[in-house]
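K.L.:
okay, here's the prediction I keep looking at, along with the sequence it came from:
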Amino acid sequence: MAARRIHILGAGNIGLFVASQLRQAKVPVTLLLRPQTLATYPGQISLFVPPHKTIIPDLLAEAVPSYEETDPKSPAESTPQTPIDCLIVAVKSHQVRLALSPLLSRLNKDSTILLLQNGVPPSPTELFPTLEPQQRPHLMAGVVTHGVFQKERWNITLAGKGGLWFAPYDGVVLPDRDRKSESPRVRVGGGKSALGEDDKEKGISVAPDPNLKDTEEKEKNGKEGGNKEDQEVIYGQIPPPEAPMSWLFTSSPTTQFLTSSLTSSGSTPISSSELNIKILTKLCINCVINPLTAINNFKNGMVLSICSEDAKAICGEVLKVTGMNIDVLWEEVKRVVDVTRTNWSSMWQDIENGRKTEIRELNGWVVDKAKELGLRERDVRVNKWLLDMVVEMEGEAEGKGGDGGGGGGEEEESE
């Protein structure tokens with residue numbers, strides 16, 4: 001039997017960084033690249049972790065047919081048919097299903113897939129709607145907080161050390177809570193605002209979110225605590241309920257291989273309940289930073305100084321949908337804004353380069369989930385406004401002749 005190998009779909013910042021970490025741990029890795037990308041691949045990548053630069057050789061790559069909505073191609077046309085044991089998917093959120101299509105014939109019930117995207121990952125049923133549960137590949141999801149960027153193609157820099165946490169994934173679970181209560185009312189801050197002139201003329205009442213009162217009092221009294229210089233970029237710091245880690249010992253051979261490989265390269269296996277918290281917390285952070293920076297054309301660090309009330313409004317609306325702890329959400333947003341203050345968000349970069357953004361998988365997910373839960377449109381009005389604004393900006397950016405290229409799973413800290 002051939003030695004197991006990990007295939008990585010997506011050669012963006014996160015895909016290449018994970019590949020470099022695995023190769024340094026002596027794990028066999030193959031990059032799956034679109035033909036036009038493979039043509040530029042030099043056969044190796046470089047990793048710069050200041051002040052040291054490391055060349056990562058022996059990183060294999062093979063072509064995988066692109067599967068575009070406008071020009072679908074048969075998955076069987078030119079894709080090698082060797083089975084894939086372990087697949088890490090590091091493309092943009094909106095690309096996951098289409099990007100997987102050419103690889104379906106190489107995946108089976110014994111394969112393991114790890115999803116590394118912003119937003120809420122698709123569930124097994126959403127990814128494989130035509131397959132019975134026992135015929136689907138094993139699915140895992142992860143949350144990445146490393147700060148990675150590329151100044152030159154195939155040369156990645158680790159700008160901020162964070163982490164990669166992963167666990168088996170069967171879809172996100174929302175805490176049980178009453179979501180029918182009144183929506184938090186907010187005073188919208190500076191920058192482009194969710195309250196237009198028409199709203200102001202109509203005398204719409206706005207006030208600070210009462211759920212954030214305690215947090216603001218702590219800030220005024222200097223009780224926030226913690227040394228910013230010592231803080232790592234870690235999401236979801238609510239102590240989760242104790243959850244069994246038995247999956248480490250009962251999972252399939254491919255899941256165990258992927259887990260041991262990732263662990264040996266510095267990543268952390270966690271329980272599914274812990275992963276659930278991290279996914280929802282990072283969703284909130286991305287819902288704040290991504291659209292506000294894209295719409296207002298500034299770096300992450302300006303979010304709280306110019307759009308603080310907008311940011312609080314977004315957190316309050318995400319709270320209505322997810323049932324997360326408002327104080328923890330707000331503290332995480334503030335911390336990540338501070339840690340990534342000199343960065344341009346991935347959504348800003350997408351707009352700048354004429355690419356499709358992940359707004360539908362972030363704020364759009366909040367809007368859709370609110371409707372599914374029976375909430376009123378006003379309960380997520382700020383997220384809806386941000387969704388509409390960024391979608392409009394996408395159209396304008398495309399008209400400028402951007403490159404239209406897909407991303408590689410970049411996180412908020414990755415710019």
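P.N.:
Thanks, I have the structure now. Nothing here was measured: the structure is a model prediction, and the numbers come from that model. Numbers count the residues shown, from 1 in each chain.
K.L.:
excluding chain neighbours, what is closest to residue 141?
P.N.:
Excluding the flanking residues, the one nearest residue 141 by C-beta to C-beta, 6 or more residues apart in numbering is residue 169, at 3.8 Å. (Each C-beta comes from the backbone N, C-alpha and C, glycine too.)
K.L.:
shouldn't that neighbour be in contact with residue 137?
P.N.:
No. Using C-beta atoms under 8 Å, residue 169 makes no contact with residue 137, being 11.6 Å away.
K.L.:
okay, these two: which has more neighbours?
P.N.:
residue 137 (25 against 22; other C-beta atoms under 10 Å).
K.L.:
need the contact list for the more buried one.
P.N.:
By C-beta atoms under 8 Å, 6 or more residues apart in numbering, the contact list for residue 137 reads 87, 107, 108, 109, 110, 111, 112, 113, 128.
K.L.:
most neighbours among those residues, which one is it?
P.N.:
The most crowded member of those is residue 113, carrying 28 neighbours; neighbours defined as other C-beta under 10 Å.
K.L.:
which secondary structure element contains that residue?
P.N.:
Counting by DSSP states H and E, the element that carries residue 113 is strand 112-115.
K.L.:
which elements pack onto that strand?
P.N.:
strand 86-89, strand 138-144, helix 253-264 (3 or more C-beta pairs under 8 Å, 6 or more residues apart in numbering; DSSP states H and E).
K.L.:
where exactly do the helices run in the stretch 251-400 of the chain?
P.N.:
Remark: helices assigned in the stretch 251-400 of the chain by DSSP state H, counting those that start in this stretch are 253-264, 272-296, 303-306, 308-322, 326-339, 346-352, 363-372, 381-399.
K.L.:
now do the fifth one, average pLDDT.
P.N.:
I take that to be helix 326-339. In this model, helix 326-339 has a mean pLDDT of 90.
K.L.:
starting at the chain centroid, how far to it?
P.N.:
When C-alpha coordinates are averaged (C-alpha atoms, centre = their mean, to the nearest Å), helix 326-339 and its chain have centres 16 Å apart.
K.L.:
which residues of the protein score low on pLDDT?
P.N.:
Residue ranges of the chain with pLDDT under 70: 1, 67-80, 175-244, 398-415.
K.L.:
one more time with 80
P.N.:
Across the chain, the ranges flagged by pLDDT under 80 are 1-2, 66-81, 175-246, 249, 397-415.
K.L.:
before we move on, the earlier item: note down every partner strand of the strand holding residue 113 and its orientation.
P.N.:
Strand 112-115 pairs in its sheet with strand 86-89 (parallel), strand 138-144 (parallel), by DSSP bridges.
K.L.:
can you list the residues that contact that strand?
P.N.:
So strand 112-115 is in contact with 85-89, 96, 107, 121-122, 127, 137-142, 166, 169, 252, 254-255, 257-258, 262, going by C-beta under 8 Å, 6+ apart.
K.L.:
nice, that's everything, thank you.
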